[in-house]
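>>> Below is the structure, and that's it, no one-letter string:
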């Protein structure tokens, strides 16, 4: 869950991107930074560590990111470091992506199933959600071998659980409730 501070920084960056028409390039930069933080625990620890001095972090960031970011993203990263807020970068990225998707009418949806869905199933689910939420659906898929079957759909913080495990658990509770009421 993003902090209020991360949301505010993301909003400032998003507003700047829109006014300077650099949203696409900044999204690419933030995607690369988020991926680097996800894949490299060393980089993530470097970004989040309070033990590294600001001067050292600025020097290393300048070397590591030289020529890899557009000017606007580079200035924003330096600004975060100067304000001692670089540790919020992961949350800021998440908030920025959400702001962008909301502005574009895009809804990120995560489907979790035991086996891969075929294109007809994906299309039917996405079309249903597109109509329900009046947004373009951007699906993400996860396979979960421990599931018996069914599907879980995650939209933001909401999870719609249509897994067989959950249906069986509901059925079990109803049986228990019926037995308690009948005794």
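Okay, I see it. Quantities reported herein were computed from a predicted structural model and do not represent experimental measurements. Numbers count the residues shown, from 1 in each chain.
>>> okay, CA-based contacts and neighbour counts for the rest of this
Will do.
>>> which stretches of this structure have low pLDDT?
For the chain, applying pLDDT under 70 flags the ranges 1-2, 182-183.
>>> Quick one: the strands in it, in order.
Using DSSP state E, the strands found in the chain span residues 106-113, 136-143, 150-155, 158-163.
>>> quick one: the third one to strand 136-143, angle?
Orientation note: strand 150-155 sits at an angle of 130 degrees relative to strand 136-143 (axes from the mean of the first three to the mean of the last three CA atoms, to 10 degrees).
>>> Point out the other elements, helices or strands, that strand 150-155 touches.
strand 106-113, strand 158-163 (3 or more CA pairs under 8 Å, 6 or more residues apart in numbering; DSSP states H and E).
>>> repeat for the second one
In this structure, strand 136-143 makes packing contacts with strand 106-113, helix 119-133, judged by 3+ CA pairs under 8 Å, 6+ apart.
>>> Including distance to residue 171 and mean neighbour count, could the ones you listed go into CSV?
As requested, these are exported to CSV (distance: least, CA to CA, whole Å; neighbours: other CA atoms under 10 Å):
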stretch, distance to residue 171, mean neighbour count
strand 106-113, 20, 20
helix 119-133, 25, 13
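>>> Make CSV from those and add distance to residue 53 to it.
CSV is the format used below for these (distance: least, CA to CA, whole Å):
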stretch, distance to residue 53
strand 106-113, 37
helix 119-133, 46
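>>> Which among those is found nearest to residue 156?
strand 106-113 (7.4 Å; CA to CA).
>>> got the contact list for that closest one?
The contact list for strand 106-113, computed with CA atoms under 8 Å, 6 or more residues apart in numbering, reads 101, 135-145, 147, 149-156.
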